[in-house]
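Trainee: turn this into a model:
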Amino acid sequence: MSAVQIIRTSSGEELVVLPRAEYEALLDRAAYDEDADDVAIYDTRKAELAAGGVVLPPQVSAAILRGESRLKAIRNWRDVTQAYLAFKTNIGQGYLSDLESGRRAGTAETVAKLAQALDVPVEWLS
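Mentor: Next up is the predicted model:
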């Protein structure tokens, strides 16, 4: 990011001067249609439902729309802490945190343990 210039008017209002490229980048970000992402998620869930696929509870779907990972949304829906789930599945809390944030992917065995501990179908976590 280039240095910006701040100009103060005689009335005390601050104006910011920045390079055109940065201004245009800000405009592009402002024009980003977040609703389109929500519609895409909705359409995906609706298609899964029609195909007899994964059907998540509304609270979980809403949490996913807010940006939570599926694992975190389900864990919160079950009202379980990371520490408790880590204890219940015998996996490290740090590893569980990495799974929730998407920094790591769980093995099939780990996902099965989590699904069993959360009392949900494995497909919900896949």
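Trainee: which residues does Val16 form a beta bridge with?
Mentor: Taking DSSP bridges as the rule, Val16 bridges to Ile6.
Trainee: from Ala3, how far out is it?
Mentor: Using C-beta to C-beta, to the nearest Å, one obtains 11 Å as the distance from Val16 to Ala3. C-beta: built from backbone N, CA, C; applies to glycine.
Trainee: cool, Ala115 as well?
Mentor: Relative to Ala3, and taking C-beta to C-beta, Ala115 is found at 52 Å.
Trainee: more neighbours, the two?
Mentor: Neighbours of Ala115 and Ala3, each counted by other C-beta atoms under 10 Å, are more numerous for Ala115; the result is 19 against 7.
Trainee: ok, that one to Thr9 distance?
Mentor: Using C-beta to C-beta, one gets 61 Å for the distance from Ala115 to Thr9.
Trainee: surely Arg75 meets Gln82?
Mentor: Yes - with the criterion set as C-beta atoms under 8 Å, Arg75 and Gln82 qualify as a contacting pair; they are 7.2 Å apart.
Trainee: ok, Ala50 - how many residues close by?
Mentor: There are 8 residues near Ala50, going by other C-beta under 10 Å.
Trainee: state the distance from it to Ile6.
Mentor: 54 Å.
Trainee: pull the helix or strand with minimum mean pLDDT from this structure.
Mentor: Each helix and strand of the chain was given a mean pLDDT (mean pLDDT, DSSP states H and E); the minimum falls on helix 34-50 at a mean of 77.
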